[in-house]
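Asker: Here is my input; please provide its structure:
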Amino acid sequence: MTRPGTDLQHGLVVTGHGRHYVVEASDGSRRICHPRGKKSQAVVGDRVQWLAAPTGLDEEGSIEAIEPRRNLFYRQDAVRTKAFAANIDQILVLLAAEPVFSEEQLAKSLVAAQAAGIEVLIGLNKQDVQPPFERAWQRLRAYRQLWPQEEPGAPAQPLYPVLRLQLDAEHGGSDFAQLRQRLQGRATLVLGPSGVGKSTLINRLIPDAAAQTAEISRALNSGRHTTTVTTWYWLDRASGTAVLDSPGFQEFGLNHIRRQDLPRWMPDIARHATGCRFHNCSHRHEPGCVVRAAVAEDDAPHPDDDTVVGQSPTPEAAPRDLPAIAASRYALYQRLFEQLGS
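Answerer: Prediction:
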């Protein structure tokens, strides 16, 4: 209940730790706020209603309510749930030629994004590190050739655009300009394991990011509170362009995804699954399974596999028939199916 003589204000959660959140007010000013009650359920990207402390007490405030979310991106294992961010427009999954990325962790993050209704870009960094980059590029072939199901009048573009990056170089990589264009006017969560160049990207896009982080750490009492959650940075507040830096992770849990729902969140599986003989087909051993019949024999490079990724191809370049399911993707589906509960 709001205290008499006080007014609720609207704000944006930009970072936090534990029960301490940094909330940005409508005028751009920021302050530490604490959630009302015992539970701490706000996440970065939340639009909240907050209350300033009475004059003369302190500069901190309280979060009184969390406004309805458009989406929430999170991972969940057997022990805990880890929220990355809410109300985001897209996710940039950043990988690198080295260290070698886990395709299983990539697939899990894409499943979680599909389930949350969030678009995804994939960035492959360290374009200059050859031949590891070329090997990584070929490992991503199945993703570069994933297309959404066509909608009349919709522009043809890959479901998961894969961008070639070299973030430690002045030019940024072959598709860095495309990345900048795709960030414009959107809130983008940068996701990926440690060592792939997330900090390099953030510092390149936001030169004063380190100073902002230091200021936040001081506000959160530095030594006692280390910011280990997602942090929201504005590239251009007026246009709504923001990037969100997230902590690195080694394992992406999918305990919040039901086994029977997995085909829905893997688009290459989903587009075939409706044709199966049995409505509850697991797509693993049942007779008459259209999914199994659609699996390609291998993922070998195709002679025509030289599309400039990051650019929208012409509508004629998009496949018209249901494409085969890459063998590597089907193997991932089988592994994830075994890992998930009912």
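Asker: Okay, and residue 93 sits in which element?
Answerer: Element membership for residue 93, per DSSP states H and E: strand 90-96.
Asker: how about the strands of this protein, start to end?
Answerer: 9-17, 20-25, 30-35, 47-52, 61-66, 72-76, 81-86, 90-96, 119-125, 162-164, 187-191, 231-236, 241-245 (DSSP state E).
Asker: which non-adjacent residue is nearest residue 254?
Answerer: residue 108 (5.3 Å; CB to CB, 6 or more residues apart in numbering). In short, each C-beta sits where N, CA and C put it, glycine included.
Asker: what sits against that neighbour?
Answerer: For residue 108, the contact set (CB atoms under 8 Å, 6 or more residues apart in numbering) comprises 75, 252-254, 336.
Asker: Please dump these into a markdown table; it should also carry pLDDT, distance to residue 178 and neighbour count for every row.
Answerer: What follows is these, written out as a markdown table (pLDDT from 0 to 100; distance: CB to CB, whole Å; neighbours: other CB atoms under 10 Å):
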| residue | pLDDT | distance to residue 178 | neighbour count |
| --- | --- | --- | --- |
| 75 | 95 | 28 | 21 |
| 252 | 93 | 26 | 21 |
| 253 | 93 | 31 | 19 |
| 254 | 96 | 30 | 22 |
| 336 | 97 | 30 | 19 |
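Asker: Just name the closest of those residues to residue 231, please.
Answerer: Relative to residue 231, the closest of the contacts of residue 108 is residue 75; by CB to CB it sits at 17.6 Å.
Asker: Which strand residues bridge that closest one?
Answerer: Legend: beta-bridge partners of residue 75 under DSSP bridges are residue 82.
Asker: my read: it touches residue 82, true?
Answerer: Yes. At 5.2 Å, residue 75 and residue 82 qualify as touching, with contact defined as CB atoms under 8 Å.
Asker: Need the overlap of contacts for the two.
Answerer: Counting by CB under 8 Å, 6+ apart, the shared contacts of residue 75 and residue 82 are 249, 253.
Asker: picking up where we left off before, please tell me how far the residue nearest to residue 254 sits from residue 340.
Answerer: Residue 108 sits 10 Å away from residue 340, going by CB to CB, to the nearest Å.
Asker: Give me the distance between the two termini of stretch 19-31.
Answerer: Stretch 19-31 has an end-to-end distance of 13 Å (CA to CA, to the nearest Å).
Asker: Numbering from 24 from now on, please.
Answerer: Taking 24 as the first residue, the last one we looked at is stretch 42-54.
Asker: Buried residues of that stretch, list them for me.
Answerer: Using 16 or more other CB atoms under 10 Å as the test for burial, stretch 42-54 gives 43-47, 53-54.
Asker: Kindly report the same for stretch 67-83.
Answerer: Within stretch 67-83, the residues scored as buried using 16+ other CB under 10 Å are 67-76.
Asker: Would you reformat the residues you listed as CSV and include distance to residue 201 and pLDDT?
Answerer: Listed next are the buried residues of stretch 67-83 as CSV, based on distance: CB to CB, whole Å; pLDDT from 0 to 100:
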residue, distance to residue 201, pLDDT
67, 26, 96
68, 24, 98
69, 30, 98
70, 30, 98
71, 34, 97
72, 38, 95
73, 37, 95
74, 43, 93
75, 43, 88
76, 46, 80
